[in-house]
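Peer 1: sequence? don't have it. structure:
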């Protein structure tokens, strides 16, 4: 099951590397430079934002369908949509029609992202009832690592397809669509679901109830009525907002603060991807021992301290400390994604955890718009008011620290779900 | 499509190993390029 989940997530995680297309797509007419008639970077930025919004919406609305049809059909549907979206976007690039690119990668591909993201989660939790955090962390690790493959693959293909008179974005997207489809379909073919009642050898279902771990089930329609769901929505939204805005600005930020080369900045972005990926499996599996609530306390407390220290590291020109601080922050950003399905399972049970997780991902959609807007707007505002570019990130970092303090409070307020929301035996039997 | 309900055991382990190789090769390729790029960050 973990390799099947990774097949899907390593492909759809390509979304994090979509920015590598931005510069070549902004020079399709000018070839070596941006000329009038070429697409602008802000217009291209909407492709990623649209994809993240559609990811959240499709996960929310199709979560129950994914639970009903099982992971194999869901993974196959995700492969068709995500890869089909890439190919449609490639067609849009070929005829220089931006709305088709929005439709292809943003809408069709975004729906593939949403279905693909949630498709292995509940199955993994059922395979590993003793280590749900490790299970979901392993799967969602792939999404963080998708950029490690997607970025160099896109760069290599664009270089190979380009010539002195042509920018090879369209054939790159079509090629990636075909390669990813093959890779994802293998994942769909090898996936297995556990037989009803399956448990690992020697595993005994805990009989002593833990405060925040239920042995019963809350159905999706009831879960969204609980304050616990919306507190977790806030937890995810704030954790993602704090990370995603910086992730999109990482390359520019280190160049402006430390004066490093473009290649070195790309190395910084790559390192952040590794931390993002490893943080998913490290923090999620640690949460099996620390408890989900304590794990999020660490994310928010440590994250706020590190964000508050980053401007100081910048002023001191302490690049190693700066990279390390951001690495830890991004590990917790990834860890937040990977731990939340297990947190949901603890609070709401396993019956509809995939569908509930799908609705929760609307927080990601909202953060995918709020994070970059917040970071970009504050930076522009400061630069327009005479602040040096190297110093323009300080206020943003302090605001991120405050957001994480608010997240800490949301997490603190999470309590066990009230009796009235649990499914009756009759409802559970009907599932 | 029928989804299997059996854990990988015995001869299925070969398929499991092949699946990990299928997943691992592109990941290691991407990782090696990223680590090489990251070297430039501290090479001042």
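Peer 2: Done, it's in. Everything quoted here is computed from the prediction, not taken from an experiment.
Peer 1: Which elements pack onto the host helix or strand of residue A:238?
Peer 2: Using DSSP states H and E, residue A:238 falls within helix A:227-258. Judged by 3 or more C-beta pairs under 8 Å, 6 or more residues apart in numbering or on different chains; DSSP states H and E, helix A:227-258 is in contact with helix A:262-290, helix A:292-315, helix A:319-348, helix A:353-360, helix A:362-384, helix A:394-412. Where you see a C-beta, it was placed from the backbone N, CA and C, and this is true even at glycine.
Peer 1: Can you say which of the ones you listed is nearest to residue A:52?
Peer 2: When those are compared for distance to residue A:52 using C-beta to C-beta, the nearest one is helix A:362-384, at 3.3 Å.
Peer 1: So for that closest one, mean pLDDT?
Peer 2: Averaging pLDDT along helix A:362-384 gives 81.
Peer 1: Show residues contacting it.
Peer 2: For helix A:362-384, contacts defined as C-beta atoms under 8 Å, 6 or more residues apart in numbering or on different chains pick out A:45, A:48-49, A:52-57, A:59-60, A:233-234, A:236-238, A:240-246, A:248-249, A:337, A:389, A:391-393, A:395-396, A:399.
Peer 1: Mind pulling up the pLDDT for residue 16?
Peer 2: Let's take chain A. 81.
Peer 1: I was after chain B.
Peer 2: Residue B:16 is assigned 78 on the pLDDT scale.
Peer 1: With adjacent residues omitted, what lies nearest to residue A:262?
Peer 2: Using C-beta to C-beta, 6 or more residues apart in numbering or on different chains and skipping the chain neighbours, the partner closest in space to residue A:262 is residue A:255 (7.0 Å).
Peer 1: Hmm, residue A:267 and that neighbour touching each other?
Peer 2: No: counting by C-beta atoms under 8 Å, residue A:255 does not reach residue A:267; the two are 11.6 Å apart.
Peer 1: neighbour count winner among these two?
Peer 2: The neighbour count for residue A:255 versus residue A:267, taken as other C-beta atoms under 10 Å in any protein chain shown, is higher for residue A:267 (25 against 17).
Peer 1: Tell me the spacing between that one and chain B.
Peer 2: Distance of residue A:267 to chain B, computed by C-beta to the nearest C-beta, to the nearest Å: 4 Å.
Peer 1: isn't that residue right next to residue A:323, touching?
Peer 2: No: using C-beta under 8 Å, residue A:267 is not in contact with residue A:323; the gap is 9.5 Å.
Peer 1: Out of the helices and strands packed on helix A:227-258, which one sits most buried?
Peer 2: Neighbour counts (mean count of other C-beta atoms under 10 Å in any protein chain shown) averaged over each of the helices and strands packed on helix A:227-258 peak at helix A:353-360, with a mean of 28.
Peer 1: Check which helices and strands that one is in contact with.
Peer 2: helix A:41-69, helix A:109-118, helix A:121-127, helix A:220-223, helix A:227-258, helix A:319-348.
Peer 1: Find the nearest non-adjacent residue to residue A:90, please.
Peer 2: Of all residues not flanking residue A:90 in the chain, residue A:173 sits nearest, at 3.3 Å (C-beta to C-beta, 6+ apart).
Peer 1: Then residue A:62?
Peer 2: residue A:115 (5.8 Å).
Peer 1: measure the one you found to chain B for me?
Peer 2: Distance from residue A:115 to chain B, by C-beta to the nearest C-beta: 15 Å.
Peer 1: Please list all residues in contact with that residue.
Peer 2: A:58-59, A:62, A:66, A:74, A:77-78, A:81.
Peer 1: Could I get the buried residue list for stretch B:30-44?
Peer 2: B:30-31, B:33-34, B:37-38, B:40-41 (16 or more other C-beta atoms under 10 Å in any protein chain shown).
Peer 1: from those, which are also near chain A?
Peer 2: B:30-31, B:33-34, B:37-38, B:40-41 (C-beta under 8 Å from any C-beta of the partner chain).
Peer 1: TSV for these, including secondary structure and pLDDT?
Peer 2: What follows is these, written out as TSV (DSSP: H, G, I helix; E, B strand; the rest coil; pLDDT from 0 to 100):
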residue	secondary structure	pLDDT
B:30	helix	87
B:31	helix	87
B:33	helix	85
B:34	helix	83
B:37	helix	79
B:38	helix	79
B:40	helix	76
B:41	helix	76
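Peer 1: List phi and psi for residue A:213.
Peer 2: The phi/psi pair for residue A:213 (degrees, to the nearest 10) reads phi -120, psi 110.
Peer 1: quick one: low-confidence ranges for the chain?
Peer 2: Here I'm looking at chain A. A:205-210, A:245, A:248, A:426-431 (pLDDT under 70).
Peer 1: that's the other chain; I wanted chain B
Peer 2: Using pLDDT under 70, chain B drops low at B:1-11, B:44.
Peer 1: which residues in it form helices?
Peer 2: For chain B, applying DSSP state H gives helices covering B:12-42.
Peer 1: quick revisit: buried residues in the helix holding residue A:238?
Peer 2: A:228-229, A:231-251, A:253-258.
Peer 1: Report the contact partners of residue A:101.
Peer 2: Here residue A:101 is in contact with A:25, A:47, A:89, A:92-93 (C-beta under 8 Å, 6+ apart).
Peer 1: Just put those in CSV and tack on secondary structure.
Peer 2: Converted to CSV, these look like this (DSSP: H, G, I helix; E, B strand; the rest coil):
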residue, secondary structure
A:25, helix
A:47, helix
A:89, helix
A:92, helix
A:93, helix
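Peer 1: Good, we can wrap up now.
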